[in-house]
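> My questions are about this predicted structure, shown below with the sequence.
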Amino acid sequence: MEKKKQIRKKYLIDKKSQLKCIAFVAAYILSYILILNLILYFPILHTLSSNDASLIEQENAAAMFLSLETNYLPAMLLLMVFFCLHTLIVTHKFFGPIYRVKVLLKQMSKGDFSIKCQFRNGDYLFDLQYSFNEMVGSLNSLLKEISQTNTKSSLALSEIASELRKDDFVKDQLIQKINAIQDRIKKSDTSFKLTP
C-alpha cells in the first residue's frame, strides 16, 4: 500500500520564530543591497554632482544611473522577496518537526505512550525523530517493567493478607515476603534516574 503524502496546511507553524528568521534574512539582504548600492551609485552620484566632470561624463553617469534604476533595483527587490519566501519554506521544514514533537510531548504528558513520531519527507531534523522514538520505546519498556513489578507486589501482598487471615501464619514468613516485595520495589526504583 502506498503511503499517503502528509501535507501541512499552514506554512507559519511557529509564527513568531519563523517571522523572526524571515526578518533576519530580509535584514541581511537589505544590508547587502545597501552596501552594493553604495559601491555602484557613489561613483555615479559623485560624477553627477561634480563641477569638474565634463558634460559627456555627466551624461554617461546619468544614463548609467537610469539603467541601474530600471534594471538593477527592481531585480534586487524581487530577489529579496524570493529569498524571504524561500526562508519561509525552509523554516517550515525546521519548525514543522519541532511542532510535531511538541504535540506528541503533550500527548505523553497526558499518559499516552503509544505514540510514534513521524516526520514528512523533506522535513529536517530526522535525527530528532529517531531520538524521540527511541526515548518513547525506552519509556514504554520501563513502564512495562514497573507495571509487572507492581502486579507481582500486589499479588504478594494479597497472598500475605490471605495468610494473615489464617492462624498458622508464621512471623518469619511474613518478614521474608515483605522483604522480597521491598527488594522488587527498590530494583524498580533504581531503573529510573529521577531528579527531585
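Looks like it came in fine. Residues are numbered from 1 along each chain as shown.

> so where do the helices sit in this protein?
15-49, 55-67, 73-109, 126-165, 171-190 (DSSP state H).

> which helices and strands sit right next to the shortest one?
Using 3 or more CB pairs under 8 Å, 6 or more residues apart in numbering; DSSP states H and E, the elements in contact with helix 55-67 are helix 15-49. The C-beta positions use only the backbone N, C-alpha and C, and glycine is treated the same way.

> Just the buried residues of the helix it packs on, please?
Across helix 15-49, burial judged by 16 or more other CB atoms under 10 Å covers 18, 21-22, 25, 29, 33, 41, 44, 47-48.

> Which two among those residues are spaced furthest apart?
18 and 47 (43.9 Å; CB to CB).

> From the buried residues of helix 15-49, pick the one nearest residue 123.
residue 18 (14.3 Å).

> for the closest residue to residue 60 other than its chain neighbours, what are its contacts?
Distances taken as CB to CB, 6 or more residues apart in numbering put residue 47 closest to residue 60, at 8.0 Å, once the chain neighbours are dropped. Applying CB atoms under 8 Å, 6 or more residues apart in numbering to residue 47 gives the contacts 53, 57-58, 60-61.

> chain center to stretch 130-150: distance?
The chain centroid and the centroid of stretch 130-150 are separated by 23 Å under CA atoms, centre = their mean, to the nearest Å.

> Please put the alpha-carbon coordinates of that stretch into PDB.
Taking Å, rounded to 0.1, in the frame of the first residue of the first chain, the C-alpha atoms of stretch 130-150 are listed here in PDB:
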ATOM      1  CA  TYR A 130      14.800   8.800  15.800                       C
ATOM      2  CA  SER A 131      15.900  10.000  19.200                       C
ATOM      3  CA  PHE A 132      12.300  10.700  20.200                       C
ATOM      4  CA  ASN A 133      11.100   7.300  19.100                       C
ATOM      5  CA  GLU A 134      14.000   5.700  20.900                       C
ATOM      6  CA  MET A 135      13.100   7.600  24.100                       C
ATOM      7  CA  VAL A 136       9.400   6.600  23.900                       C
ATOM      8  CA  GLY A 137      10.400   2.900  23.400                       C
ATOM      9  CA  SER A 138      12.700   3.100  26.500                       C
ATOM     10  CA  LEU A 139       9.900   4.700  28.500                       C
ATOM     11  CA  ASN A 140       7.400   2.000  27.400                       C
ATOM     12  CA  SER A 141       9.900  -0.700  28.400                       C
ATOM     13  CA  LEU A 142      10.300   0.900  31.800                       C
ATOM     14  CA  LEU A 143       6.600   1.400  32.300                       C
ATOM     15  CA  LYS A 144       6.000  -2.300  31.500                       C
ATOM     16  CA  GLU A 145       8.700  -3.300  34.000                       C
ATOM     17  CA  ILE A 146       7.100  -1.100  36.700                       C
ATOM     18  CA  SER A 147       3.700  -2.500  35.900                       C
ATOM     19  CA  GLN A 148       5.000  -6.100  36.200                       C
ATOM     20  CA  THR A 149       6.700  -5.200  39.500                       C
ATOM     21  CA  ASN A 150       3.500  -3.600  40.800                       C
END
